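**Student:** Kindly return the folded structure for what I paste below:
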Amino acid sequence: MAWEQVDLSAAALDLPIAVGGSTEPHRLLEAHRHGAFPFPRQQPVQAVATRRTLYEQHVADRRITAFPAAESDDGYAVTWWNPAERPVVRVGSIQLAGHLRHSRSDGPRWIVTGNHAFAEVVDACRAEADAAWITDDLRASLIALHRAGWSHSIEVWSEDRLIAGLFGIGMGNVFSVDSAFERRPRATRVAFADLSRRLLGQADLIDLQVLHDYTAALGTSPIRREQYLEALLSVDMPLAPREGVLSVRPLPFG
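**Tutor:** Next up, the predicted model:
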């Protein structure tokens, strides 16, 4: 599995750049260095068979790279994506809507933390209806990368209850958000605003990978793959948001 051999310019808009391989920690990190993120698939087997039907002709045509898979795995269980354009947010640009002011004044008192409950955030994201891609193996690899200083989480709390969070990998001048969740309306936006605050002076971009409902109001703009990779690899070092407990009060409100 060598990303240096993958022609990134060949990635089609609606196709993965590669299939197969593993989501072991070092594989995840190497993929991230090349702007790729995985969508592995848990059972049922039918789902993997559907992927084979969709992509095997493109593998034969070499529009999709096929990485060797472990003997026990289906070669289509993991797909890797590297879009020609991806939605990003400039660090420091996220503002909270006025109706969220209650979170810092007369309503419940919210606080935000960094890297306080990484596994709990991953598991909360995993419980979402569309999160079958966070497999057992991928979860274990993400936790290993967190311990190694590459993967990080932001948590939003109401008293002692976790109400929102996000996690992702930081590298160079880019923090790439893998997933997010919320248990209170619009609390995820607080997590993104806090991430932006913690990255000030350290990074340029927050990468959303693909658009979701919770990112629609963040002010995303598309960036070309070449620009993304330039920012990502400008510094080949881990990017860690500042840690600690912070109040919602200083966050920017529009």
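**Student:** Can you give me every residue that contacts the closest residue to Pro16 other than its chain neighbours?
**Tutor:** Here the nearest residue to Pro16 in space, its sequence neighbours aside, is Thr79; by C-beta to C-beta, 6 or more residues apart in numbering that works out to 4.0 Å. In short, each C-beta sits where N, CA and C put it, glycine included. By C-beta atoms under 8 Å, 6 or more residues apart in numbering, Thr79 lies in contact with 16, 18-19, 38-41, 51, 55.
**Student:** Give me the pLDDT value at Thr79.
**Tutor:** What the model reports for Thr79 is a pLDDT of 91.
**Student:** export the lowest-mean-pLDDT helix or strand in the chain as CSV, just CAs?
**Tutor:** Sorting the helices and strands of the chain by mean pLDDT, DSSP states H and E puts helix 45-60 at the bottom, at a mean of 80. This file holds the C-alpha atoms of helix 45-60, laid out as CSV (Å, rounded to 0.1, in the frame of the first residue of the first chain):
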residue,chain,number,x,y,z
VAL,A,45,-21.3,-8.6,3.5
GLN,A,46,-24.0,-7.4,1.1
ALA,A,47,-22.8,-3.8,1.5
VAL,A,48,-19.3,-4.8,0.5
ALA,A,49,-20.6,-6.8,-2.5
THR,A,50,-22.5,-3.7,-3.6
ARG,A,51,-19.2,-1.7,-3.5
ARG,A,52,-17.6,-4.4,-5.7
THR,A,53,-20.4,-4.1,-8.2
LEU,A,54,-20.0,-0.3,-8.3
TYR,A,55,-16.2,-0.1,-8.5
GLU,A,56,-14.7,-3.2,-10.0
GLN,A,57,-14.9,-2.0,-13.6
HIS,A,58,-13.2,1.3,-12.6
VAL,A,59,-10.4,-0.8,-10.8
ALA,A,60,-10.0,-2.7,-14.1
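**Student:** and the longest strand for this structure?
**Tutor:** Across the chain, the longest stretch assigned as strand under DSSP state E is strand 161-171.
**Student:** Ignoring the adjacent residues along the chain, who's closest to the residue most central in space within the chain?
**Tutor:** Centroid-nearest residue in the chain, with C-alpha atoms, centre = their mean: Asp178, separated by 1.5 Å. Among residues not flanking Asp178 along the chain, Gly168 sits closest, at 4.7 Å (C-beta to C-beta, 6+ apart).
**Student:** quick one: contacts for the one you found?
**Tutor:** Gly168 is in contact with 151-152, 175-179, 207, counting by C-beta under 8 Å, 6+ apart.
**Student:** swap the cut-off to 6 Å and go again
**Tutor:** Counting by C-beta atoms under 6 Å, 6 or more residues apart in numbering, Gly168 touches 175-178.
**Student:** Then Ala164?
**Tutor:** Contacts of Ala164 (C-beta under 6 Å, 6+ apart): 156, 182, 187-188, 191.
**Student:** could I get the residues you listed as CSV with secondary structure?
**Tutor:** Listed next are these as CSV, based on DSSP: H, G, I helix; E, B strand; the rest coil:
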residue, secondary structure
Val156, strand
Glu182, strand
Ala187, helix
Thr188, helix
Ala191, helix
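**Student:** Serialize these to JSON lines and add fields for distance to Ala69, pLDDT and neighbour count.
**Tutor:** Formatted as JSON lines, these follow (distance: C-beta to C-beta, whole Å; pLDDT from 0 to 100; neighbours: other C-beta atoms under 10 Å):
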{"residue": "Val156", "distance to Ala69": "38", "pLDDT": "96", "neighbour count": "28"}
{"residue": "Glu182", "distance to Ala69": "35", "pLDDT": "92", "neighbour count": "19"}
{"residue": "Ala187", "distance to Ala69": "38", "pLDDT": "89", "neighbour count": "24"}
{"residue": "Thr188", "distance to Ala69": "34", "pLDDT": "91", "neighbour count": "25"}
{"residue": "Ala191", "distance to Ala69": "34", "pLDDT": "94", "neighbour count": "25"}
